[in-house]
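*Asks:* sequence unavailable; structure follows:
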């Protein structure tokens, strides 16, 4: 079959199905005010992800999604699901960890081209076993699992130590069945994780953080020696309250993330706690409904019919704060910032359900992170042309 | 088309066909008794292999199978076949070398999660040209070819020297047409290879061997210098008698592999001969027929019908012995064992033809391989959830 | 759908379509007269490229083509096209730069197994935005765009500096509508590029050149230090007049390429100008029409019908000349040749539209490039078995 609903092969009874999907993002990044071209203006394939999803014998699903973007090949998703009841499904394999609100939004549906700073503290893909489901007619969704454990913002393909991460997330639409229509689109959630992470000088198992423009602005000390390298040294916790609200053409998404990781450098030990938050607001100019799953234009782009799709504008503020205890022992203040704050304006043009063009302006200001005083602000214009099917 | 027989596009006359296949294995490995967590407990994507197979103009087949498992991307199979007669087919490209019995069994159908130690001595994928076919109504299968030549247990994507490997294998079902039904499932084979392999300090072209738990237990000396590195230096031979026997729910698989490789370190030269053997026995509790190609459950798993698929139990013993001449000049006895012996117990749960869960316990004992005396035994519990279509 | 026209899923109105395509090349390379096996005889997967092409909502096309050949995984093509008018189409993403005549010919259709030396001076894939189209009923094709900029013969996945390349190409079939049938198959073109490329000691951003046998015969000095490494240091220009002519079974393809790149080593600066040209002549023995898009056999190979497909013979001469100013400051004459000249003979056997076998003999002579005098000639026999669909 082929059409608006995608491309697929399906048995008559629907027990066997193969869906051929994918999403492809061609971006450009232009930086202003960067002396000496420290940030290279570039075209880039941000994501090139063919997807094969399928069902065999009615109860068993699979999904594989490699990514060929950015000059590298990685396996983003490979999971096998057993789906006997909607209330409790089992997932084995590599998938997004059930934690961050914007991280769990599909990369095709985020309001801005790059996710906001809280996502830098959130595990990306993780490998393990989870149980998840919906209860109360979809009013409450939950997920909980045991995973290898990824560093903040990272993914993994195997573990280097015996410690595992427990991750759980609860998300509710408390007014989903309410008569008050303006409240139906409210979603509230809470996610938490607890685990154990250890590293060594060769593989410190600690995160670094990047801006929207993919500029590194925080990293732990690491010179390859045991004395000069900060390593993960035990307990890691994360917590994230999160919410969104969609009413007609208006959308609001907010999340806060707190992470805590025990680190060591030589004899010095610390429990470093970083946090970040964001608020994103969007408005669909052409009147379609805003949603966590993107905008579906009422009239598809067709120059012959003089229809042009849907347009959306958006703004956001976000920031990430490093624990003061990280400096100067664990991170070098001369090349690691203590804080990044950013705001952005964005325009999204939805040609149809499959094709989207986005244009963002984003400014990020830093506290510290330079040999003297503050690192200069990053001013970036990002564009994206995307086909997803 | 979509269904029990898979997913495919086919022309009306069948001369053109494209099959979309794949197999995906999500494993976990848990080690016991390893002080200092020398062996990391981990979840891992063992294999993530989408497959495209096809036929064009009736006589020409192709197969491409990349693997995205284990955090790496490799091309496992890419071969083009010309199929004019069943007795003689030509294969160009990268495919399994026609040598080891368990290696030639599909990774989806092996009785245990990891193949036994003889496979560590067997070439995995090789690149070249082979002729293969069946004669006598399938009673005898043969394959012979010329290949770049892979090290024991390894694969290659190109050759680094002019020497090529000749590999041949004969496998017979002598009683296939016999009236004695208990003998029909007997298969006997012999494989051999002869080639020439040379290496240098940067690329020694010699194998190392791993256990079921993927622990390295033997490697040649290699410190990057010409004096401290053992390199391949000429003739390589391999020989493997092999057999299986399937009768009703009972299966037995046995193979022996002997390899011989000329090596050099500085002025010292030797012809190192290693060998390994295994016996695997399995029994299908639910009564289905055992076979080299796995078990097809009589009743598929369906909680609504209270049917649960098929269950199989299995046991095996296997060992690998290093040539005494390898020590101490070519391999360092302090980190390379002289012998590994292992036994395992396994349970396979076949939900249906596509979905399988496996649980194994395996213990491997070593002779030598530690600074003093024997390396501690490896005790591993492995699990696998697999979808193959 | 499946058949001669390929494998695809298509909606009834044709507005949505997914094509599953691919091409796979299994090569062998045999070198003669190379003392000490400096050039390894080898089987190799030259290209293993599955392709997904599609159309959504009638106006938007996409194409993704990874390559798993040669032991590496790369993304060759990922582009999104907006196609509102045939005269002007927009392409975003990674695709062949609109420059070289033989480079723009599909790898499945080149007359010889490896492209001739001018292609070593031509950008391969580039990432950016282009507009292209046909005017005058296909008599004139044009393409122009802005790209990250690739080194000679190279591709890129992102840019390391702000400078971009402008590339444009015009190609005409001046007699396409002429009554003079012998002139209809004449095509004439001109391509040019202008850009800016800078490098540093770690990443010099300069090309190296290889022969048909993939032997490196020219590279700039590079020892990792600023003093010992030649780097790109500014303006880069390229120009290429190009032509082909097809009349019945005869084909002729000719191109000339000139490149100019500003380079620096320490305090020394130069503008290095290299050039190359080729002439390829082919003749289809079985009488089918020669074309830029390969040969379609009148009778497909089928041993039962005693039909054998089409056969083509071909010859070519090509050469590449390095600027004398490159030596000895920027390139080391002891391992870089000043000139490579080659001629080749080839045979192509087209079994059908999808399957091709090719056999080439090629001899390349060098001027300089050895510690004393000329590097020895490369004498190579190449073969290829190819399936493309």
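*Replies:* Thanks, I have the structure now. Just so it is clear, the model here is predicted, and its values are computed rather than measured. Residues are numbered from 1 along each chain as shown, chains lettered A, B, ... in the order given.

*Asks:* okay, and residue A:226 sits in which element?
*Replies:* Secondary-structure element containing residue A:226, defined by DSSP states H and E: none, the residue being outside all helices and strands.

*Asks:* which non-adjacent residue is nearest it?
*Replies:* Here the nearest residue to residue A:226 in space, its sequence neighbours aside, is residue A:201; by Cβ to Cβ, 6 or more residues apart in numbering or on different chains that works out to 4.8 Å. To be clear about C-beta, it is placed using only N, CA and C from the backbone, and glycine gets the same treatment.

*Asks:* count of neighbours near the residue in the stretch 51-200 of chain A that chain B sits nearest to?
*Replies:* At 3.1 Å from chain B, residue A:157 is the closest residue in the stretch 51-200 of chain A, using Cβ to the nearest Cβ. The number of residues packed around residue A:157, counting by other Cβ atoms under 10 Å in any protein chain shown, is 20.

*Asks:* okay, the residue lying farthest from the centre of chain A: pLDDT?
*Replies:* Residue farthest from the centre of chain A, counting by Cα atoms, centre = their mean, is residue A:304 at 37.4 Å. Confidence per residue is given as pLDDT, and for residue A:304 that number is 90.

*Asks:* for residue A:138, same thing?
*Replies:* 82.

*Asks:* residue in the stretch 151-300 of chain A nearest to chain C?
*Replies:* For the stretch 151-300 of chain A and chain C, the shortest gap (Cβ to the nearest Cβ) falls at residue A:300, measuring 5.8 Å.

*Asks:* need the contact partners of stretch A:66-74.
*Replies:* With contacts defined as Cβ atoms under 8 Å, 6 or more residues apart in numbering or on different chains, stretch A:66-74 is touched by A:25, A:44-50, A:75-76, A:155, B:68, B:73, C:64, C:66, C:73, C:75, C:78, C:157-158.

*Asks:* coming back round to it: now do the contacts for the residue of the stretch 51-200 of chain A closest to chain B.
*Replies:* With the criterion set at Cβ under 8 Å, 6+ apart, residue A:157 makes contact with A:75, A:94, A:127, B:44, B:45, B:70, B:71.

*Asks:* correct me if wrong: residue A:355 contacts residue A:389.
*Replies:* No. The pair formed by residue A:355 and residue A:389 falls short of the contact definition of Cβ atoms under 8 Å, at 9.3 Å.

*Asks:* does the residue nearest the centre of chain A lie in a helix or a strand, and which?
*Replies:* By Cα atoms, centre = their mean, chain A has its centre lying nearest to residue A:103, at 2.5 Å. Assigned by DSSP H and E, residue A:103 belongs to helix A:101-104.

*Asks:* now the element after that helix, going C-ward?
*Replies:* Proceeding N to C from helix A:101-104, the next assigned helix or strand is strand A:125-135, under DSSP H and E.

*Asks:* mind listing what's buried along the helix or strand that contains residue A:360?
*Replies:* For residue A:360, the element it lies in under DSSP H and E is strand A:355-368. For strand A:355-368, the buried set under the neighbour-count rule, 16 or more other Cβ atoms under 10 Å in any protein chain shown, comprises A:355, A:356, A:357, A:358, A:360, A:362, A:363, A:364, A:365, A:366, A:368.

*Asks:* what parts of the stretch 101-250 of chain A come near chain B?
*Replies:* The stretch 101-250 of chain A has residues A:127, A:128, A:129, A:147, A:148, A:157, A:158, A:159, A:160, A:161, A:162, A:164 near chain B, with proximity defined as Cβ under 8 Å from any Cβ of the partner chain.

*Asks:* could you rerun that using 10 Å?
*Replies:* Applying Cβ under 10 Å from any Cβ of the partner chain, we find that the stretch 101-250 of chain A lies next to chain B at A:126-129, A:146-149, A:155-164, A:198.

*Asks:* and the buried ones among these, selectable in PyMOL?
*Replies:* Only the buried entries of those go into this PyMOL selection, using 16+ other Cβ under 10 Å:
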select buried, chain A and resi 126+127+128+129+146+147+148+149+155+156+157+158+159+160+161+163+164+198
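
*Asks:* gap between residue A:139 and residue C:185?
*Replies:* Spatial separation of residue A:139 from residue C:185 under the definition Cβ to Cβ, to the nearest Å is 69 Å.

*Asks:* what's the answer for residue A:163, then?
*Replies:* From residue A:163 over to residue C:185 the distance is 69 Å, taken as Cβ to Cβ.

*Asks:* the strand holding residue A:360 and chain C, any residue contact?
*Replies:* Yes. Against chain C, strand A:355-368 shows contacts by Cβ under 10 Å from any Cβ at A:355, A:357.

*Asks:* show me what counts as buried in the helix or strand containing residue A:276.
*Replies:* Following DSSP H and E, one finds residue A:276 within strand A:268-284. Of the residues in strand A:268-284, those scored as buried under the neighbour-count criterion (16+ other Cβ under 10 Å) are A:270, A:272, A:273, A:274, A:275, A:276, A:277, A:278, A:280, A:281, A:282, A:284.

*Asks:* ends of stretch A:211-226, how far apart?
*Replies:* Using Cα to Cα, to the nearest Å, the gap from the first to the last residue of stretch A:211-226 comes to 28 Å.

*Asks:* mind listing what's buried in it?
*Replies:* So stretch A:211-226, judged by 16+ other Cβ under 10 Å, has buried residues A:211, A:212, A:213, A:214, A:215, A:217, A:218, A:219, A:220, A:221, A:222.

*Asks:* count of residues packed around the nearest residue to residue A:282 once chain neighbours are set aside?
*Replies:* In space, residue A:282 comes closest to residue A:314 once its chain neighbours are excluded; the distance is 3.8 Å by Cβ to Cβ, 6+ apart. The number of residues packed near residue A:314 is 21, by other Cβ under 10 Å.

*Asks:* is it correct that residue A:314 is in contact with residue A:358?
*Replies:* Yes. Using Cβ atoms under 10 Å, residue A:314 makes contact with residue A:358 at a distance of 9.5 Å.

*Asks:* quick one: the residue of chain A found nearest chain C and residue C:72, what's the gap?
*Replies:* Residue nearest to chain C within chain A: residue A:71 (3.1 Å; Cβ to the nearest Cβ). Relative to residue C:72, residue A:71 is positioned 12 Å away (Cβ to Cβ).

*Asks:* neighbour count: the two, which is higher?
*Replies:* The residue with the greater number of neighbours, taking residue A:71 and residue C:72 and applying other Cβ under 10 Å, is residue A:71; the counts read 15 against 12.

*Asks:* and that one, how far is that from residue A:301?
*Replies:* Where residue A:301 is concerned, residue A:71 sits at a distance of 31 Å (Cβ to Cβ).

*Asks:* which helix or which strand is home to residue A:217?
*Replies:* Taking DSSP H and E as the criterion, residue A:217 maps to strand A:216-218.

*Asks:* hmm, who's touching that strand?
*Replies:* By Cβ atoms under 10 Å, 6 or more residues apart in numbering or on different chains, the list of residues contacting strand A:216-218 from outside reads A:117, A:120, A:207-211, A:274, A:320, A:322, A:326, A:331, A:335-340, A:364, A:366, A:368-369, A:375, A:378.

*Asks:* try 8 Å this time
*Replies:* By Cβ under 8 Å, 6+ apart, the surrounding residues in contact with strand A:216-218 are A:208-211, A:320, A:322, A:331, A:336-337, A:340, A:364, A:366, A:369, A:375.

*Asks:* at which residues are the helices of the stretch 201-350 of chain A located?
*Replies:* For the stretch 201-350 of chain A, none of the segments meets the definition of helices by DSSP state H, counting those that start in this stretch.
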